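[1] Can you look at this prediction? I've put the sequence above it.
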Amino acid sequence: MREFQPKTIIEPFRIRSVEPIHFTTMEEREAALKAAGYNPFLLRAENVLIDLLTDSGTGAMSSRQWAGMIASDESYAGASSFYRFESAIRDITGFKHVIPAHQGRAAEHILFTTIAQAGDVIPSNTHFDTTRAHVEHTGAEARDLVIAEGRQPQLILPFKGNMDVAALEATIAEVGRERIPAIMLTVTNNSGGGQPVSMANVRAVSAVAHKHGIPFYIDSCRFAENAWFIKTREEGYVDKSPTEIAREMFSYADGCTMSAKKDGMANIGGFLAVNDDALAANCRNLEILTEGFPTYGGMAGYDLEAIAQGLYEALDPHYLRYRIRSIAYLGDRLTAAGVSIVQPTGGHAVYLDARAMLPHLTPLQYPAWSLCNALYLVGGVRGVEIGTVMFGRQPDGSEAPAAMDLVRLAFPRRTYTQSHVDYLAEVILEVFAQRSSLPGYRIVQQAPVLRHFTIQMEPLPA
């Protein structure tokens, strides 16, 4: 008999525990959204049917992770759980110093507070919201240098998350090496539609950084997904394992920040990893002040255990094949129906192109915010705006359109099934059918930093 080659990619796990979800009426959702100031972040989770606000810390953990958590060492200093955590990170990244933090933005805070100051410039392919906020909090400029193709949602290119290397060279020439304390590369490029970065681009950015004596860091929260795209899209890597690819990727950098709530497969936690001894000492001093002792860094021992196991599970090729295909499946259904999305689909989310879908709204009427709220009203689906609300407020307080207005539908890891995805497609297509009636929004109240988390909005009159 010949070997069976199934066409269906099934979930590479069995479900042993379930959590009920709450069904609401449209009338109930309208009231909930109004009470939340038309901000999906402020909705009660119990009133959300399919929660795609973020893939950060929202996934399901494995039996091996839970087993490690039960056996964890909760000692304040020198816990054995920390050394398992440190060993896993060193094995995968190769970095010398591992500095735990309670989540990725804490690692960013430690790094940028230590290395950056007013007048500096930190280039990246695209800084995500918390990264940008921590850079700007020091008085430095967070400069985005993604390739031009990365700002064209419908253009199909295998590595649209790449940094523009020529623009990086020009930036260094413009501002001077002494004003650039680090170069960052986000893999995958979350703000740019979850698009991956090629190994060739990692290598090229590293070469430019080291030619000028500038430290090179990777924002690595979705490093495993990026490794899978390199394996499946870049010549010379098809026969390499995701772990081998990840190790090569990290070998070109001087350090990384990590939200382990993504490809650490855990509900909380993160780390900063570096090779520089003096930098590590300074970062640990700040960590003691803000996070805790350097062998727990704001996490419980069971968190350290969950991440130590989860980092390897994220690199499992069966899991990665299923995860990436789940995202592509939804993208295929939407594009077949004429819905504008960022193409090709990325590793953790489908990004709806609200600017293309709602041409009757200007960027300063916040079309992605409108689309996001419509998904909740119609089907109880919560996504997040990646657009002019998130990125439109300038350091001087003025307002400007973001490069793109997107709605990110981020899939929690190992959480939803195929029927959930099919339901999600139905909701999006129903909103698409009603798209011409969606209103614009105006800002009622906002915070000066990271305003999208707490902003109060209201729909514009028809």
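    Received the coordinates, thanks.
[2] buried set for the one helix or strand Leu311 maps to?
    According to DSSP states H and E, Leu311 maps onto helix 301-314. Within helix 301-314, the residues scored as buried using 16 or more other CB atoms under 10 Å are 301-311, 313-314. For glycine as for every other residue, the C-beta is placed from the backbone atoms N, C-alpha and C.
[3] Check this structure and tell me which residue is nearest its centre.
    Residue closest to the average C-alpha location in the chain (CA atoms, centre = their mean): Asn190, at 4.7 Å.
[4] Quick check: that residue vs Thr130, distance?
    Between Asn190 and Thr130 the distance is 10 Å, computed by CB to CB, to the nearest Å.
[5] Pro459 contacts Tyr441, doesn't it?
    Yes: Pro459 lies in contact with Tyr441 (CB atoms under 8 Å); the separation is 5.7 Å.
[6] Mind listing the shared neighbours of those two?
    Residues within reach of Pro459 and of Tyr441 at once, by CB atoms under 8 Å, 6 or more residues apart in numbering, are 38, 370.
[7] which secondary structure elements does the helix holding Leu311 contact?
    Identification of packing neighbours for helix 301-314 by 3 or more CB pairs under 8 Å, 6 or more residues apart in numbering; DSSP states H and E yields helix 63-70, helix 80-93.
[8] most tightly surrounded among the ones you listed?
    Among the helices and strands packed on helix 301-314, helix 80-93 has the highest mean neighbour count (mean count of other CB atoms under 10 Å), at a mean of 20.
[9] which residues sit in contact with Glu86?
    By CB under 8 Å, 6+ apart, the neighbours of Glu86 are Val98.
[10] Next one, pLDDT for it please.
    pLDDT for Glu86: 98.
[11] how close does it sit to Asp73?
    13 Å.
[12] Equivalent analysis for Ser220, please.
    Per CB to CB, Ser220 is found 26 Å from Asp73.
[13] who has more neighbours, these two?
    Ser220 (30 against 17; other CB atoms under 10 Å).
[14] Can you report how many residues lie near Gly440?
    A count of nearby residues for Gly440, using other CB under 10 Å, gives 18.
[15] Settle this for me: it is touching Pro363, isn't it.
    No: using CB under 8 Å, Gly440 makes no contact with Pro363, being 10.0 Å away.
[16] which stretches of the stretch 1-150 of the chain form strands?
    50-51, 97-101, 121-124, 141-144 (DSSP state E, counting those that start in this stretch).
[17] oh sorry, the question was meant for the stretch 351-462 of the chain
    381-382, 384-386, 406-410, 441-445, 456-459.
[18] If we ignore the residues flanking it in sequence, what's nearest Ala337?
    Among residues not flanking Ala337 along the chain, Leu429 sits closest, at 5.5 Å (CB to CB, 6 or more residues apart in numbering).
[19] Check the burial of that neighbour by counting its neighbours.
    Count around Leu429 with other CB under 10 Å applied: 14.
[20] now swap in Arg435 and tell me
    If you count neighbours by other CB under 10 Å, Arg435 ends up with 18.
[21] Now do it against Val378, distance only.
    Distance from Arg435 to Val378, by CB to CB: 11 Å.
[22] same thing with Ser62?
    According to CB to CB, Ser62 and Val378 sit 34 Å apart.
[23] returning to what we had before: now the helix holding Leu311: average pLDDT?
    98.
[24] what does that helix rub up against?
    Residues from elsewhere that reach helix 301-314 (CB under 8 Å, 6+ apart): 61-62, 64-65, 68-75, 79, 81-82, 84-85, 87-89, 92, 100, 224, 243, 260, 263-269, 271, 296, 319-320, 413.
[25] Quick one: list the elements packing against the next helix or strand after that helix.
    Using DSSP H and E, the next helix or strand after helix 301-314 towards the C-terminus is helix 317-336. Here helix 317-336 touches helix 223-233, strand 349-353, helix 418-433, going by 3+ CB pairs under 8 Å, 6+ apart.
[26] how many neighbours does the closest residue to Asn282 other than its chain neighbours have?
    Nearest residue to Asn282, sequence neighbours excluded (CB to CB, 6+ apart): Thr114, at 5.1 Å. Burial measure for Thr114: 19 neighbouring residues, criterion other CB under 10 Å.
[27] same check, this time on Gln365
    Neighbours around Gln365, by other CB under 10 Å: 18.
[28] Report the separation between the nearest residue in space to it that is not next to it in sequence and Leu377.
    Distance criterion CB to CB, 6+ apart; nearest residue to Gln365, sequence neighbours excluded, is Gly440 at 3.0 Å. Note on Gly440: its distance to Leu377, by CB to CB, is 15 Å.
[29] and Ala336, how many residues sit next to it?
    9.
[30] And it, what's its pLDDT?
    97.
[31] Then Asp405?
    At Asp405, pLDDT is 96.
[32] Next: Gly194.
    Gly194 is given a pLDDT of 89.
[33] check contacts around it.
    By CB under 8 Å, 6+ apart, Gly194 lies in contact with 161, 188, 222, 342, 345-349, 351, 408.
[34] Over to it: give its phi and psi.
    With angles defined as degrees, to the nearest 10, Gly194 sits at phi 70, psi 30.
[35] which residue packs closest to Thr171, ignoring adjacent ones?
    Distance criterion CB to CB, 6+ apart; nearest residue to Thr171, sequence neighbours excluded, is Pro123 at 5.3 Å.
[36] Hmm, Leu145 and the one you found touching each other?
    Yes: Pro123 is within contact range of Leu145, at 5.2 Å (criterion: CB under 8 Å).
[37] out of those two, which sits in the busier spot?
    Neighbour count, other CB under 10 Å: between Pro123 and Leu145, Pro123 has more, with 26 against 22.
[38] tell me how far the ends of stretch 373-393 are from each other?
    Using CA to CA, to the nearest Å, the end-to-end distance of stretch 373-393 comes to 20 Å.
[39] should've said stretch 252-268
    End-to-end for stretch 252-268, by CA to CA: 27 Å.
[40] switch to numbering from 23
    Got it, first residue is 23 now, which makes that one stretch 274-290.
[41] Do you know the pLDDT at Met23?
    Reported pLDDT at Met23 in the predicted model: 85.
[42] Same question for the one 4 residues further on.
    For Gln27, the model assigns a pLDDT of 83.
[43] Okay, strands next: where are they in the stretch 173-322 of the chain?
    Using DSSP E, counting those that start in this stretch, the strands of the stretch 173-322 of the chain run over residues 205-208, 238-241, 277-281, 292-296.
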